[in-house]
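K.L.:
Provide a 3D model corresponding to the input given below.
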Amino acid sequence: QLTDLLQQYATAFRDPMMLQPPEWFKAFIYCEAFLQLPFFPVAAYAFLKGGCRWIRTPAIIYSTHVATTLFAILAHILFHDFSRSELAGPQTLRERLVLLSIYLPYLLIPLLLLFTMLCNPHYKHVEKRKRK
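P.N.:
Model (predicted):
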């Protein structure tokens, strides 16, 4: 049933990367499974608890990693010649922009997190440790 849903998505939005991912896309999937997903509960804890300045460095690493992978994915969507693909990919500019709009939030949210970690005074403040 999930495979049917995936097939419907790939057909409706002309996203062949979901059904036959290129090798570089598979690498991103493994990064997501083993690096990004473990970050979520840690980040959820830190942000829900509040006041956890230690989340700044992991959040910067996470957000820059995700943004970097998304730039590659978005460039592939915009510039790849999908006419050579076995599965139907986006052919028109409109189809490419529709597919791009599906992936775009996965770039914007990490960029917002990065901006918050770099610019919010709460996370920029470094506590000085007291000498004994």
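
K.L.:
show me where this structure has helices.
P.N.:
2-12, 23-31, 37-49, 56-79, 93-103, 105-119, 121-124 (DSSP state H).

K.L.:
By mean pLDDT, show me the worst of these.
P.N.:
For the helices of the chain, mean pLDDT drops lowest on helix 121-124, to a mean of 85.

K.L.:
Between the helices of the chain, which one is closest to E86.
P.N.:
Closest approach to E86 among those (Cβ to Cβ): helix 2-12, 11.9 Å. For glycine as for every other residue, the C-beta is placed from the backbone atoms N, C-alpha and C.

K.L.:
Need the residues that contact that closest one.
P.N.:
Contacts to helix 2-12, defined as Cβ atoms under 8 Å, 6 or more residues apart in numbering, come from residues 15-16, 18-19, 87-88.

K.L.:
Drop anything exposed from these.
P.N.:
Taking 16 or more other Cβ atoms under 10 Å as the criterion, what is buried in the contacts of helix 2-12 is 15-16, 19.

K.L.:
quick one on the thing from earlier: can you tell me which two in the contacts of helix 2-12 are farthest apart?
P.N.:
M18 and A88 (11.9 Å).

K.L.:
and the gap between the closest residue to A72 other than its chain neighbours and A75?
P.N.:
Take A72 and drop its neighbours on the chain: the residue closest to it by Cβ to Cβ, 6 or more residues apart in numbering is W24, 7.1 Å away. Using Cβ to Cβ, to the nearest Å, one obtains 11 Å as the distance from W24 to A75.

K.L.:
now do L5
P.N.:
From L5 over to A75 the distance is 27 Å, taken as Cβ to Cβ.

K.L.:
Same check on I61?
P.N.:
22 Å.

K.L.:
So these two - more neighbours on which side?
P.N.:
Each of I61 and A75 has its neighbours counted (other Cβ atoms under 10 Å); I61 has more, 14 against 10.

K.L.:
Specify which member of the buried ones among the contacts of helix 2-12 is nearest to N120.
P.N.:
Once Cβ to Cβ is applied, the member of those that ends up nearest N120 is D15, at 34.6 Å.

K.L.:
phi, psi of that closest one?
P.N.:
When read as degrees, to the nearest 10, the backbone of D15 gives phi -120, psi 80.
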